[in-house]
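1. just to be clear, the model below is a prediction. Sequence and coordinates:
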Amino acid sequence: SEFGAGTMPDWAWTLLIVAALTLLAYLGVQVSTRFQLAMALISLTVLTIFFIYVIVKLGGANSARAFNPSSAADGWSGIFLGVLYGVLLFVGFETSANLAEETPNPRREIPFAVMFTAALALGYFVLATYVEIAGFHFDMKQIVAAAGGPVFALGSPASAGGYGAVWLRRVLELVVLFDMLAVLMGIFVSASRGIFGMARDRRLPAPLARVDPGRGTPVVAIGALSALCVVFVLLDQFFPGLWALPKTPHYFAMFAWGSTFGAFSMVIVYLLMCVGALRRPQGGGALLPVASVVGILITAGALFGSVYKVTAPTIWAPWISLIWLGIGIVVTTLTLGRRPAAT
């Protein structure tokens, strides 16, 4: 669209990406994670340079008020909504654990991957968020107007209110596409390995624990995940009113509903982990209870943010998440003590 060229329909692009993800996941985490890291590092490098460039261009207009809670337009309600997005920005660092069995030295490399990822993300997200606020001169109207693509707005020519040029905006669009592919790859790999792990523990049907005899990758779990992606493409094409939202394309309405379901579910998981950490018998030192309490408060705020001002039909997502949690507890209780489906 940027160059006025003909494009394929959305469903065709989606199926093409699903096919590529399936192949990379099947080849193994060594291949898939290297692809993911290459895409992410290109994006991180270019965007970090751009963010620093915007800060330099702002000069004396830089201000610490972006970090002042009193600057929040909707007060603490708005901050809690922001907390939800803040928590979700970090979702995925813990899925490094899913790759342990395909890692040469997991006891050393997996903890390092988890902590390094969290620390790197912290610095990057603070920098990016500050630039996306200061770059619009701390003006909520400008921020809201550019909410669909704030980085692209900042990279646009000065005549359009940005700090760059047409070529720079196009470069930013390209690296964001790389970043999207990296995120998709990370989700696909971790989800397929998560399905495999649950199937091996017989929380899901045992055939999902089968692995490819040559590569050792969870081929059935990968296939099931690919099939699920195709199902959602078909639902979007043939049932366009299923997740309908006013003045919103159906595929985006599906994304809004799915992300609300996923966000609420992940925050519940994090909340329960923080509560469980309070009862940990040993290890962690004196900081563990403090970290647990802080985590409980943050995730509780995020839960509030996930339902605050959410309208139907999206508001049904948290309720379905709670029903799904109840089903999971029942299944787990009924399947305790069964032999693993695979070794």
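-> Sure, I can see it.

2. does Ala342 touch Arg210 like I think?
-> Yes: contact criterion CB atoms under 8 Å: Ala342 and Arg210 qualify, at 7.0 Å. Just so you know, the C-beta spots here come from the backbone N, C-alpha and C atoms, and that holds for glycine as well.

3. what sits in contact with each of those two?
-> Here Ala342 and Arg210 have no joint contacts, going by CB atoms under 8 Å, 6 or more residues apart in numbering.

4. buried sites along stretch 239-253?
-> Of the residues in stretch 239-253, those scored as buried under the neighbour-count criterion (16 or more other CB atoms under 10 Å) are Trp243, Leu245, His250, Tyr251, Ala253.

5. distance from that stretch to the middle of the chain?
-> Average the C-alpha atoms of stretch 239-253, do the same for its chain, and the two points are 21 Å apart (CA atoms, centre = their mean, to the nearest Å).

6. swap in stretch 136-155?
-> 21 Å.

7. and Ala312, helix, strand or coil?
-> Here Ala312 takes the coil state, with states given by DSSP: H, G, I helix; E, B strand; the rest coil.

8. what's it sitting at in phi/psi?
-> Listed backbone geometry of Ala312 is phi -70, psi 150, with angles given as degrees, to the nearest 10.

9. list the contacts for it?
-> Taking CB under 8 Å, 6+ apart as the contact definition, Ala312 lies against nothing.

10. then Ala182?
-> The contact partners of Ala182, by CB under 8 Å, 6+ apart, come to Gln36, Leu37, Met39, Ala40, Ser43.

11. and what of Pro150?
-> Listed by CB under 8 Å, 6+ apart, the contact set of Pro150 reads Glu132, Gly135, Phe136, Ile143.

12. for the helix or strand where the last one lies, buried residues please.
-> What that stands for is Ile143. Using DSSP states H and E, Ile143 falls within helix 140-145. Residues Gln142, Ile143 are the ones in helix 140-145 that count as buried (16+ other CB under 10 Å).

13. convert the following helix or strand past that helix to CSV, retaining C-alpha atoms only.
-> On the C-terminal side of helix 140-145, the closest following helix or strand by DSSP H and E is helix 150-155. As requested, the backbone C-alpha atoms of helix 150-155 are provided in CSV (Å, rounded to 0.1, in the frame of the first residue of the first chain):
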residue,chain,number,x,y,z
PRO,A,150,2.9,6.6,16.9
VAL,A,151,6.3,5.5,15.7
PHE,A,152,5.3,6.1,12.0
ALA,A,153,3.8,9.5,12.9
LEU,A,154,7.1,10.5,14.6
GLY,A,155,9.1,9.3,11.6
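
14. any idea of the mean pLDDT in stretch 317-325?
-> Mean per-residue pLDDT for stretch 317-325: 92.

15. contacts for it?
-> Outside stretch 317-325, the residues that reach it (CB under 8 Å, 6+ apart) are Trp257, Gly258, Thr260, Phe261, Phe264, Ser265, Ile268, Ser306, Val307, Val310.

16. pLDDT for the residues you listed - can I get that in JSON lines?
-> Formatted as JSON lines, the entries for the contacts of stretch 317-325 read as follows, by pLDDT from 0 to 100:
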{"residue": "Trp257", "pLDDT": "87"}
{"residue": "Gly258", "pLDDT": "87"}
{"residue": "Thr260", "pLDDT": "85"}
{"residue": "Phe261", "pLDDT": "90"}
{"residue": "Phe264", "pLDDT": "88"}
{"residue": "Ser265", "pLDDT": "90"}
{"residue": "Ile268", "pLDDT": "91"}
{"residue": "Ser306", "pLDDT": "78"}
{"residue": "Val307", "pLDDT": "80"}
{"residue": "Val310", "pLDDT": "78"}
